[in-house]
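Asker: coordinates only, sequence not included:
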């Protein structure tokens, strides 16, 4: 099947649920992204800042770019002028830098707080107590150039379906609690980004509003290595 056919399959499936499809284009060539774009896809997710910056400069300007990978504070400045959503905010330090760079670009940048839900040490994310601490902090309360619109989480790799579903439900329960406690009157706080190619159906069952699908749309990736700046 072509990229367009794969996209259509997901669009039809997700259309009934209202869940947004983020096409993960990490390591994909521009022509593959254009094929998805021509098929109607406008929202793409990237993991690596250098790769994202190169693609953003070369591809249509109406693409909405989401940063979904771990973001170092010293890389924020490269994407602050154009990024639509940073899904992977995993510390107050990072959020502070995003706020600073957004102000320099006269923008308000939408962000998701990445929550640690996996049973693995390799994943990034805030603990449940840390996210409460961040939202209560004076530093966050005084930020004018970031908008927290929800939470993001990555389930454990290759876990049984029950464990994966439990992890997603855990994130949804946390989301509901945070919504009531901190964002009751804020309609912008509405996104739960969870679910990828292998587990997106479980994520939707648990209440996901965004799923991140890459290989199931584009096929196998060709790994590139980017030098550190």
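Answerer: Structure received. Keep in mind the model is a prediction, meaning the values are calculated, not measured.

Asker: give me the neighbour count for residue 72.
Answerer: 11 (other Cβ atoms under 10 Å). C-beta here means a position set from N, CA and C on the backbone, and glycine is covered the same way.

Asker: any idea how far it is from residue 151?
Answerer: Distance of residue 72 to residue 151, computed by Cβ to Cβ, to the nearest Å: 21 Å.

Asker: helix or strand with the lowest mean pLDDT in the protein?
Answerer: Lowest by mean pLDDT, DSSP states H and E among the helices and strands of the chain is helix 3-15, with a mean of 91.

Asker: give me the helices and strands touching whichever helix or strand comes after that helix, please.
Answerer: The element immediately downstream of helix 3-15 (helix or strand, assigned by DSSP states H and E) is strand 20-24. For strand 20-24, the elements it packs on are helix 3-15, strand 43-46, strand 210-213, helix 215-218, judged by 3 or more Cβ pairs under 8 Å, 6 or more residues apart in numbering; DSSP states H and E.

Asker: what do you get if the cut-off is 6 Å, keeping everything else the same?
Answerer: Applying 3 or more Cβ pairs under 6 Å, 6 or more residues apart in numbering; DSSP states H and E, we find strand 20-24 packed against strand 43-46, strand 210-213.

Asker: so what's the backbone phi/psi at the nearest residue to residue 125 once chain neighbours are set aside?
Answerer: Spatial nearest neighbour of residue 125, chain neighbours left out: residue 116 (3.2 Å); criterion: Cβ to Cβ, 6 or more residues apart in numbering. According to degrees, to the nearest 10, the main-chain angles of residue 116 amount to phi -80, psi 110.

Asker: repeat that for the one 3 residues further on.
Answerer: Here the main-chain torsion angles of residue 119 (degrees, to the nearest 10) amount to phi -90, psi 50.

Asker: then residue 65?
Answerer: According to degrees, to the nearest 10, residue 65 has phi -100, psi 130.

Asker: identify the bridge partners of it.
Answerer: residue 44 (DSSP bridges).
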